[in-house]
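Student: below are the sequence and a predicted model for it; my questions follow.
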Amino acid sequence: KKGKIMTKTYSMPKDFYWGGASAANQYEGGYNEGGKGLNAIDVLTNGSATEPRKVTWKTNDGKTGVTPMTWGKEFKLPDGAKPALLDNYYYPSHEGTDFYHHYKEDIKYMAEMGFNMFRLSLNWSRILPNGDDQEPNEEGLAFYDKVFDECAKYGIEPLVTLSHYETPLSLINRFGGWKDRKMIDIFVHYADIVMNHYKGKVKYWLTFNEINAMDMAPYMGGGLIDGSKQNRAQGAHNQFVASSKVVKLAHEIDKNNQVGQMLAYSAYYPYTSDPADQLLVMKAKQEMLFYSDVQTGGRYPEYRLKEYERDGIKLDDRPEDYELIKEYPADFLSFSCYTSNVLTTHEADAKANGNMSAGGVKNPYLDYNAWGWATDPDVLRIALNDLWDRYHKPLFIVENGLGWGDELTEDHKVHDDYRINYLRAQIKSMEEAVNEDGIPLMGYTMWSAIDLVSNGTGEMKKRYGFVYVDRDDMGNGSLKRYPKDSFNWYKKVIASHGKDLD
Ligand code: BG6
């Protein structure tokens, strides 16, 4: 297997953003405190590497049940079923790792590592409990005021995701989520409230986390309870229009505002030199890059329009949608990137089984974690070149990290050399793209600063943070925080502007 050769050292510009990333539904908790309404993830159970998370639901005549949320597969609740809380299920989002009550302590840890950026999402239903209330919940707004003030104390710039899978449940139950065009103005109303309220405190915004989740996990990405291709296409269209309207609005509210797209990026490699494998790779890339072709590139690509024509997909659209999409693309393109995937039309020795690599085969040159995600030392350089060549827009790595079953020792340490090794190669790869290839990159926010619930599996044991949180898969534990070995390593990396990776 190939190791990464580390000869040259590089550093990053002084104004480069270094930090960590999080999402309200995995981190914040306080699900029924401070007037918050429920969101999509509040009714999603825990799962594991082999057992999918499930949406719990009720029908109007009192029938209850659960539907597995499988990645990359059709998702549909039975007719008449509405996502709802049920007794006797465990919902990891309800407490997350309790940022709601630990934000001061956590932001202090971030400051200690030298962060100048912290990515978090606003819990939409904390601010608008039903998603479209006319007036905001002041207590919800006040919570993030306290968070942003705490960040400002340490010179940490917030990067705010408006919607990280947290579609308010009431919008799902009334409109079926993003398949309804009403969602466009509802989202703009929400953005209007928060962008005015946090003016001067927040200037970097992301609209939809991993917008291509609409296809991979339509319940998460679009709050869709019927993830048919028609609904996914319409949901994506509505999000594109909403995104352009929010870009326009953000610039009107404050000329310092910048609104980014957020894409889940994976590199795809052909397993063999058979051109048929290369075509498969091209198709997989188109499926992913369709979202950035529209949201960042400003136009619908022909390959997708043809596909809609073939599949009989009809969009409920207006001519002005396309003008908005063209005129107000995202200001920058941010992305998550953890791993790469290998595709083939041939028989291969071993299948990859992670949720990020559905349908792929194992790469014999790479190592895998227990959840089937490959550690690829060159993936960031490949991603950055690929996206820069296609769009020529500033880029931002807003997620990259290693999920691992960390163990807390008796003296409260976590010796996570595997994470340090992973991050060292990733950061090196990013530095090569910037220093060798000249790619404009705004920053790097590693997933995640503090341990939080896994999105894919709902587990605690798939940990990503620099700080360990004492909590298990069923919600037991003191929630006490303990810096891991990687905490001190990252601190050194930031202090040296990315030069000292030892
Ligand atoms: C991204 C999401 O898909 O990857 C995050 O934006 C998520 O919400 C992260 O946590 C890691 O995935 P997982 O399934 O290991 O938590």
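Tutor: Yep, that arrived. The structure presented is a predicted model; accordingly, all values stated were derived computationally and were not measured. Numbers count the residues shown, from 1 in each chain.

Student: pLDDT at the one residue in the stretch 51-200 of the chain that gets nearest to the ligand, what is it?
Tutor: When scored by Cβ to the nearest ligand atom, the stretch 51-200 of the chain has His164 as its residue closest to the ligand, at 6.4 Å. (Glycine included, C-beta is placed from N, CA and C.) Looking at His164, its pLDDT is 98.

Student: so which bits of the stretch 401-502 of the chain are right by the ligand?
Tutor: Gly403, Trp447, Ser454, Asn455, Gly456, Lys462 (Cβ under 6 Å from any ligand atom).

Student: which of those sit farthest apart?
Tutor: Maximum pairwise distance among those (Cβ to Cβ): 12.0 Å, between Trp447 and Gly456.

Student: tell me the contacts of the residue of the stretch 51-200 of the chain closest to the ligand?
Tutor: By Cβ atoms under 8 Å, 6 or more residues apart in numbering, His164 lies in contact with Ala23, Ala24, Asn25, Ser121, Asn209.

Student: again, only using 6 Å
Tutor: By Cβ atoms under 6 Å, 6 or more residues apart in numbering, the residues touching His164 are Ala23, Ser121, Asn209.

Student: okay, and which of these map to helices?
Tutor: Taking DSSP state H, every one of the contacts of His164 sits outside helices.

Student: let's see which of these end up in strands.
Tutor: Ser121 (DSSP state E).

Student: could the contacts of His164 go into a markdown table alongside pLDDT, neighbour count and distance to the ligand?
Tutor: Listed next are the contacts of His164 as a markdown table, based on pLDDT from 0 to 100; neighbours: other Cβ atoms under 10 Å; distance: Cβ to the nearest ligand atom, whole Å:
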| residue | pLDDT | neighbour count | distance to the ligand |
| --- | --- | --- | --- |
| Ala23 | 98 | 26 | 5 |
| Ser121 | 98 | 23 | 9 |
| Asn209 | 98 | 27 | 5 |
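
Student: which member of the contacts of His164 is positioned nearest Lys36?
Tutor: For these, the nearest to Lys36 is Ser121 (13.4 Å; Cβ to Cβ).

Student: now the strands for the stretch 401-502 of the chain?
Tutor: Using DSSP state E, counting those that start in this stretch, the strands assigned to the stretch 401-502 of the chain run over residues 441-447, 467-469, 481-483.

Student: quick check, the residue in this structure closest to the ligand?
Tutor: Gly456 (2.6 Å).

Student: count of neighbours near that residue?
Tutor: Gly456 has 21 neighbouring residues, counting by other Cβ atoms under 10 Å.

Student: any idea how far Gln278 is from it?
Tutor: For Gly456, the distance to Gln278 equals 29 Å [Cβ to Cβ, to the nearest Å].

Student: what does Glu407 give?
Tutor: 42 Å.

Student: which one of these two has more residues nearby?
Tutor: Gln278 (16 against 12).

Student: make sure the more buried one is actually in contact with Tyr269.
Tutor: No - shown here, Gln278 and Tyr269 do not form a contact pair, counting by Cβ atoms under 6 Å, at 9.8 Å.

Student: circling back to that earlier point, can you add mean neighbour count and mean pLDDT and give the strands of the stretch 401-502 of the chain back as JSON lines?
Tutor: Output for those, formatted as JSON lines (neighbours: other Cβ atoms under 10 Å; pLDDT from 0 to 100):
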{"stretch": "strand 441-447", "mean neighbour count": "24", "mean pLDDT": "98"}
{"stretch": "strand 467-469", "mean neighbour count": "24", "mean pLDDT": "98"}
{"stretch": "strand 481-483", "mean neighbour count": "19", "mean pLDDT": "98"}
